[in-house]
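Chemist: here is the input, now give the coordinates:
(chains A and B)
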Amino acid sequence: MLHLAKVAFLSKYKCSCPVRFCNIFWSLSLSFLEYIVAFNGYFTAKARSDFISSALRDVDAVNWRIVRRDNPASDYPSDFEVVEIRQDARSSLLTLQDHPYIKRVTPQRMVLRSLKLTDSGTDGASPCNDTRWVQKWQSWQSSRPLRRTSLSLGSGFWHATGRHSSRRLLRAIPRHVAQILQADVLWQMGHTGSGVKVAVFDTGLSEKHPHFKNVKERTNWTNEKTLDDGLGHGTFVAGVIASMRECQGFAPDSELHIFRVFTNNQVSYTSWFLDAFNYAILKKIDVLNLSIGGPDFMDHPFVDKVWELTANKVIMVSAIGNDGPLYGTLNNPADQMDVIGVGGIDFEDNIARFSSRGMTTWVRSHAGCQASTCLSMASESLSMLVFCLSSTVLNRELVNPASMKQALIASARRLPGVNMFEQGHGKLDLLRAYQILNSYKPQASLSPSYIDLTECPYMWPYCSQPIYYGGMPTIVNVTILNGMGVTGRIVDKPIWQPYLPQNGDYVDVAVSYSPVLWPWAGYLAVSISVAKKAASWEGVAQGHVMVTVASPAENDVSNSGEMTSTVKLPVKVKIVPTPPRSKRILWDQYHNLRYPPGYFPRDNLRMKNDPLDWNGDHIHTNFRDMYQHLRSMGYFVEVLGAPITCFDASQYGTLLMVDSEEEYFPEEITKLRRDIDNGLSLIIFSDWYNTSVMRKVKFYDENTRQWWMPDTGGANVPALNDLISVWGMAFSDGLYEGDFTMADHDMYYASGCSIARFPEDGIVIAQTLKDQGTRHLLFNLMMIIIISVGNHLYRYSKVLEAHLGDPKPRPLPACPHLSWAKPQPLNETAPRSVHMRPLPFSTTALSVETNLNWDALSLNISLLVLKSFCCLIFLWYSKPWYTIIQKFGLSKI
Amino acid sequence: MVFRRLLRKRWVLGVVFALSLIYFLSSTLKQEERTIRDRTLLEARDSDHHIQWKIKFILGNSSRQISQCRNSIQGKSLLTDELGYVCERKDLLVNGCCNVNAPSSSQHVCTSCLANGCCSIYEFCVSCCLQPDKQPLLERFLNRAAEGFQNLFNAVEDHFELCLAKCRTSSQSVQHENTYRNPQAKYCYGESPPELLPI
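Modeler: Have a look, this model is predicted:
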């Protein structure tokens, strides 16, 4: 933790601002005359004085005296006394210590504390002491965590009456953020957010609150007939955003519109949001702050409405986190790039990390962040920032959701040594964002702005494994932000231009992209593969992808009706010779399903407070340790995102199937059997599947007002049994858990089935475990309501089709076919540093060197922009509101 | 003393219990009803309770000449201006109006709109809603708008803003909160919500 905090500071130094530090020095000195005499118990002043005088009866009375302490406590018994003893009489101390009622005698220490100002130079080599930084961080972390769990599910996983609500109020932030974010500098320049309309979607605000002078309007969208905030959350958020100066609000002259969309019981529904959003569009809100979060469930009406909102130029800042609206899903990555999402959702966790790490790395990437830029900061403070910024921009026309986002991303400074999913774009710099916005020319930009698969740890997991001929293509999803207009398109096709001197021709690139960039953004999925001629070559290859984006010109008559902007995406990869078959492992991702859209229960049944398996399973997320272990053993792990029929089994040693929820096509089953006859190894980690337990884990969802029944168990054991029946193997529907030891390895078997059938000549390593199923069944005898719902797996499955009677398999989909871009080689070398290219703005210098009232705090903290980095291979990290359960493959052997 | 003895009588206790039970049940049910009613923002209003709408319908406003147009801003490829013209983005003039002479632009089109007043394309819904003969329909709707919609439609100032707001998806458009009633035709200028399709 300390280390991370320090990292942030060091990188701040690198931005070459003169920094003054306020260091606190402690000095201790012994006052040799005074001693603290501690007694065995509490005695009155008279008794204490008697004890001391009896102990010191041999010492001349002029040599010692009891120091008077005139304080309110002196009337009460105390367990110590301060005694002044002349230096030459110090031998008497021994006699003091011999007294039966005296516990010990210690010298009185005097503590002197002084403040010293030091100027640190502009270089980063400041020998700072970690503990000193920690003190600073703690000093501005003044807020309480505000976690309002309307998920009353805590204990309810097994209860039929468990309720589950979809959105929750999120977070509170430190109060003095204005200074920290350098907003005071903008204030001094006279930008106080005047004329900017800000909407706060929260629990409302009391009418007569003394601190808010600019509340333009309060509206209620809930079924409670009040506009007041009964919870305090909305008041706090509004206060952060726009209370008057003395409350340290950010944009004190902004116009506040309070939308009450949460009841005092923290209930809220999609339909309320739809109506409230419509009103926000009508009112031409500039910045909208939404401090809610909740689990995703592909809430199309909500997602569409958010698009509509941003398409109407509302800059939406949201503490979405895990919340539904703002997610790329498995099938449409990079969808909601139009929202400035704020990661860091679990309050307790966040604030805790917040305080200890100093906002450097406390936000982990998760699904929500991948679909939008995540800033590791409370949304309110980002909202403040955003409209603080939008009010400063001279040409208000140029401020739109895309340009704001571009400015935030471009002004961010990268932190060294941190994975992009932890640090994002780096620290955000308000003043730099201001400069950028004020010199902004409408253009397109890419996020991430380059693909360097060799850069570790920033590009983890891409950097953890070089690419080779014959491997599954590496897919990097890049977001195109288009500041030129709400709609745009890619002109012709993106062009792949390999650099011949840097072996660019060894790389094949295929690009797919959104046909229309709307609203403000689109995706560019870059698939990278190795050309055949590099099958046994080792080295680094470079090139770039060039994209031209065009938007209808809105304000310019003289133009031919379109504005265009061309961006380059540098690509750098490391190539190795194709590894031997035995070293290649294929992870089956195609048969993994996760929570949205269907209800797939957790694999570990003990995790009751969140029943939904919404992270899914992935080799780079919850199985990350397994991945790293396999890599360190020299294995190459690839991910199969297509049916089993789509890979060449003669190239792979092992197929790995972990917790598969999906069914199998008949063609897949036949093909796998053939592959295994031809020497492919198959490793299956099954999970639990027990129909009576599945009935128990249903819950009531407040938003949809429906009961949610799991569509499979932790894994789809019946489907797996079909797959492996030909070898005489089968899994049972039992449910077991327990600890066991194997090869000196202590392991925990969380929830899983047992092996029901296995061929005679096979080897089974067995262990007796606790039967979890019966226990839970007993536990649920209290349950009254039993709702029988059929299996709906066909609704979400890629394999099954809804049919009258039994679901039938769909026709096998065609294997994905990439059309490789025709390279247009360039005989030039790559620029030396491909990374951190800012937008090519003509930055005009900002004269702020006058009256910069830096104090120790205001300098050092900036926002972090989390990288919005969508990958087709899904990188689901921790789900922020619970700690990741280390459910690694090893514990399931 | 008499009172206390009376209280010990079994039938008195029974009556007290029955009354409290009735009270409990009725209040619970009423509350339930209210919650359900409050969830939908459109309802049949009491006819004596009329809201004073600010909205003004300017008759024949589609034929008047204006120098500056508001338009529907958000469209992916299409836009509707306040005169009811739908056009492609490239045919939008600098003043925000559709270029009337462009082949793509036409006025008051109801393409993709169903008989119940629901359309699959937002821009056509707005354009259709701007037809002068839709005015009685809109007025009838406004008189029925529930309190929850008051916020929205009170702020609407003219026909164009009303159509922009009315055509948007709203609480009326969803079932089970997270699914459209009819994902194909979800933009409605009419009185009735989209047709309810099974999930």
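
Chemist: wait, residue A:682 sits on residue A:676?
Modeler: Yes: Residue A:682 lies in contact with residue A:676 (CB atoms under 8 Å); the separation is 6.0 Å. For the C-beta atoms, the positions are set from N, CA and C on the backbone; glycine is no exception.

Chemist: which residue is the nearest non-sequential neighbour of the residue nearest to the spatial centre of chain B?
Modeler: Relative to the mean C-alpha position of chain B, the nearest C-alpha, by CA atoms, centre = their mean, is the one of residue B:166, at 5.4 Å. Spatial nearest neighbour of residue B:166, chain neighbours left out: residue B:189 (5.4 Å); criterion: CB to CB, 6 or more residues apart in numbering or on different chains.

Chemist: gap between the one you found and residue B:118?
Modeler: Distance, residue B:189 to residue B:118, by CB to CB, to the nearest Å: 8 Å.

Chemist: and if you look at residue A:506?
Modeler: From residue A:506 to residue B:118 the distance is 55 Å (CB to CB).

Chemist: please apply the same query to residue A:545.
Modeler: 42 Å.

Chemist: now swap in residue B:180 and tell me
Modeler: 11 Å.

Chemist: likewise for residue A:472?
Modeler: 45 Å.

Chemist: between these two, which has more neighbouring residues?
Modeler: Higher neighbour count among residue A:472 and residue B:118: residue B:118, with 24 against 19, using other CB atoms under 10 Å in any protein chain shown.

Chemist: how about the residues of chain B by chain A?
Modeler: Counting by CB under 8 Å from any CB of the partner chain, chain B comes close to chain A at B:34-35, B:38-41, B:73-77, B:89-90, B:92, B:94, B:148-149, B:151-152, B:155-156, B:161, B:164-165, B:168-171, B:173-174, B:176-180, B:183.

Chemist: pop the domain breakdown of chain B in here.
Modeler: As assigned by the TED database, chain B contains the domains B:1-48, B:78-188.

Chemist: format those domains as CSV; extra columns: mean pLDDT.
Modeler: Formatted as CSV, the domains of chain B follow (pLDDT from 0 to 100):
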stretch, mean pLDDT
domain B:1-48, 72
domain B:78-188, 87
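
Chemist: pick the most buried one from the ones you listed.
Modeler: domain B:78-188 (a mean of 20; mean count of other CB atoms under 10 Å in any protein chain shown).

Chemist: now do it: distance to the chain's middle.
Modeler: Put simply, domain B:78-188 sits 11 Å off its chain's centre (CA atoms, centre = their mean, to the nearest Å).

Chemist: contact partners for the residue nearest to residue B:166?
Modeler: For residue B:189, the residues meeting the contact criterion (CB atoms under 8 Å, 6 or more residues apart in numbering or on different chains) are B:113, B:117, B:119, B:125-126, B:128-129, B:134, B:137-138, B:163, B:166-167.

Chemist: mind doing that once more with 6 Å?
Modeler: B:117, B:125, B:129, B:166-167 (CB atoms under 6 Å, 6 or more residues apart in numbering or on different chains).

Chemist: got the contact list for stretch B:125-133?
Modeler: B:72, B:80, B:84, B:86, B:108-110, B:113, B:119, B:163-164, B:167, B:187, B:189.
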